[in-house]
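no FASTA, just this:
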């Protein structure tokens, strides 16, 4: 097992994330974990779809949502997926500065997205008096979107720590799988957001 | 200390076994108290409230904290050995999975001492489990405790999947894997796709109870049936998560003691996959009486009955395996053979219940209780006893006493049928489940007495097994590699108990039942697939334990975040989420530590291997 060595035969292999058994295990295990996450979000979506018209005389989706705001957030998150692809491409070229730069931009976009979401939630809670216990719709909305937001926040912290590791240790067969896995995670929360944008916001406006 | 930091799958297996046995004992005592309360009509041994707590905790404890960990113990002890690997894919996560299970279980059982256990049934149906009807913290203990324990199970499932996919020895193709490995693989896949659903369900219920959300509260627009859907989309697959490993164990024990290869190996594999698939398709058969309508009821009826087909294939394959074999009735094999009729009976009553019109009669009677105990005790627990008697020498290097083992079987099996067979008739006569007493002269008296006596006999059987286990530790280690002399799979080719690194050289697998094949070719041991070399091992670590302590604290903080304490300091730290935050800080802090310091493990060098002379 080459896990203890940072380099294989003196130089970094083409796909450093898959160079060791540990790295391959990590990637496979993470894909499996995402399978579980898909069920988790699937259940949350099912809950939301069941309860989305149960507004209990509180605000409805149509009254609350502002599509320009969420469309903006969607665009930011989609772009951040693209920048994380650039990061992985930089990693495959063994270009450490470029890798760090793209990861940094990804984290930044994630942070702006989170900021928009916090702004959105705060506005609903204060202006529209729309809290967790307002209606079954509000509970389902905050839980689904909030779970996604928590995933984004986790990803931001995680990739932030990875950037620190890249500064300290550089690109090795130990750090590469971590970067790769975090990129898969980032794409996953992006895909979930596409569904949220469709099912929660678009359907809320027109459905 | 060694045990707190271990990442060795064999030691984690022992920890799982100890933890599982502890909770199995607690669940068993709860069962005995339940049966003692029902021994005669109008009994007043326990109050109605305590009875509700007992049945809730008995079900929850047995399923999540009793049998699951014992299954995980056997999986941990054996899967790497059966596939010819040195360890699991993620040793660190393996340890984390155990500790989250243990702390989840402890949290759940703390409820007995902290103001009332959960009392809404193990299914925690809403609105009964809402704040309106469950006013103590009981159900909070249920949601938070199960969340932690479920996390551990999910981690374990992912770990086994990755291990089996990537770490099989050279030559061990999927269709050469031992059946227990196969069922573990399928079980782990089911865990992966079933447990996140209950995770969400428990989160929603927690939010309802603690944050005032309205998921299941009709007054706020919520929907109680939603809870049943979420619970059973997890809960039905969970039944197969429990029973498939037992199928795997039986498929190992019977061929070994019949000295024949398993009949219809590939049909067994595909039957397992089919059962897993159908297991996800049938959850609403628990909900026929909620008014889903005739179309849904018919579809779920039919899909449920379909499961009898692959299960029947398995039953016949086991019988054909014994046919013409030189069957040895060791205690392991007694349990395995005893499993076949008891499990079949559970299956047949399952088909009866799957018929929606009949279910309207059977629903919530003792007929249902009898059915699922025939499946879970007559199936799974028999399977676990078979597996424990079978692999005990491999795990601990000591034989269990065969005479006591046979006594265990007979007391347990007779006690089992006494307890649950009569419950079919109690149910048909109309005795409801979950009621804490009944009136005299309804025709229930004698059968309840028999049932209770049977339960006590089962208890004696379990005590005999525990005695046997302790007794075996008074004897020295030193069992041969292959103590049953008819071992078929890779684990029997290495010493008992196995060394830390399992295989000095990874073996080359040349067929199904790899070790048996070599023995038939006249070889004493496996052909190695690699030269002797230094072996990489993961380092022990305390972090999984610390992480679990962290979420344990966070869980308590969450539960009591809305509590009014008489002590103002307590109110301050709980009501401002300080305790919860501190716990999360410990957990996430450990995760950061884990991420920052790379752990390269250590090596067992060539000379050390040779000094040990294995």
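Cool, the structure landed. Everything quoted here is computed from the prediction, not taken from an experiment.

residue of chain B nearest chain A, please.
residue B:221 (3.1 Å; CB to the nearest CB). In this view, the C-beta of every residue, glycine as well, is placed from N, C-alpha and C.

OK, contacts around that residue?
Applying CB atoms under 8 Å, 6 or more residues apart in numbering or on different chains to residue B:221 gives the contacts A:51, A:54, A:55, A:56, A:135, A:136, A:137, B:214.

cool, residue A:28 as well?
B:89, B:162, B:165, B:166.

now with 6 Å?
Shown in contact with residue A:28 (CB atoms under 6 Å, 6 or more residues apart in numbering or on different chains): residue B:162.

which residue is it, in chain A, that comes closest to chain B?
Closest contact between chain A and chain B, by CB to the nearest CB, is at residue A:54 (3.1 Å).

ok, for that residue, nearest residue in space, not its chain neighbours?
residue B:221 (3.1 Å; CB to CB, 6 or more residues apart in numbering or on different chains).

over to residue B:491?
residue B:81 (3.7 Å).

neighbours of residue B:561, how many?
Residue B:561: 17 surrounding residues under other CB atoms under 10 Å in any protein chain shown.

could you do residue B:294 as well?
Counted with other CB under 10 Å, the neighbours of residue B:294 add up to 10.

what's the answer for residue B:263, then?
Residues contacting residue B:263 under the criterion other CB under 10 Å number 21.

ok, residue B:527 next?
14.

report all helices and strands that the lengthiest helix in chain A contacts.
Ordering each helix of chain A by length in residues (DSSP state H) puts helix A:136-169 first. Helix A:136-169 makes packing contacts with helix A:21-51, helix A:96-127, helix A:175-196 when contacts are defined by 3 or more CB pairs under 6 Å, 6 or more residues apart in numbering or on different chains; DSSP states H and E.

contacts for the helix or strand that comes right after the shortest one, please.
Right, the one you point to is helix A:175-196. Next in sequence after helix A:175-196, counting helices and strands by DSSP states H and E, comes helix A:203-206. Helix A:203-206 is contacted by residues A:61, A:65 when judged by CB under 6 Å, 6+ apart.

so where is chain A shaky, pLDDT-wise?
Counting by pLDDT under 70, the ranges of chain A that qualify are A:1-10, A:207.

also chain B?
Residue ranges of chain B with pLDDT under 70: B:611-614.

packing partners of the helix or strand where residue B:302 lies?
Secondary structure from DSSP H and E places residue B:302 in helix B:294-306. For helix B:294-306, the packing partners by 3+ CB pairs under 6 Å, 6+ apart come out as helix B:331-354.

ok so, going back, count the residues that sit near the residue nearest to residue B:491.
The burial count for residue B:81: 25, using other CB under 10 Å.

how about the one 3 residues further on?
Under the neighbour criterion other CB under 10 Å, residue B:84 is assigned a count of 27.

my read: it touches residue B:490, true?
Yes - Residue B:84 is within contact range of residue B:490, at 5.1 Å (criterion: CB atoms under 6 Å).

which stretches in the stretch 301-450 of chain B count as strands?
Shown for the stretch 301-450 of chain B, no strands are assigned by DSSP state E, counting those that start in this stretch.

kindly report the same for the stretch 451-600 of chain B.
Taking DSSP E, counting those that start in this stretch, the strands of the stretch 451-600 of chain B run over residues B:535-537.

that'll do, ta.
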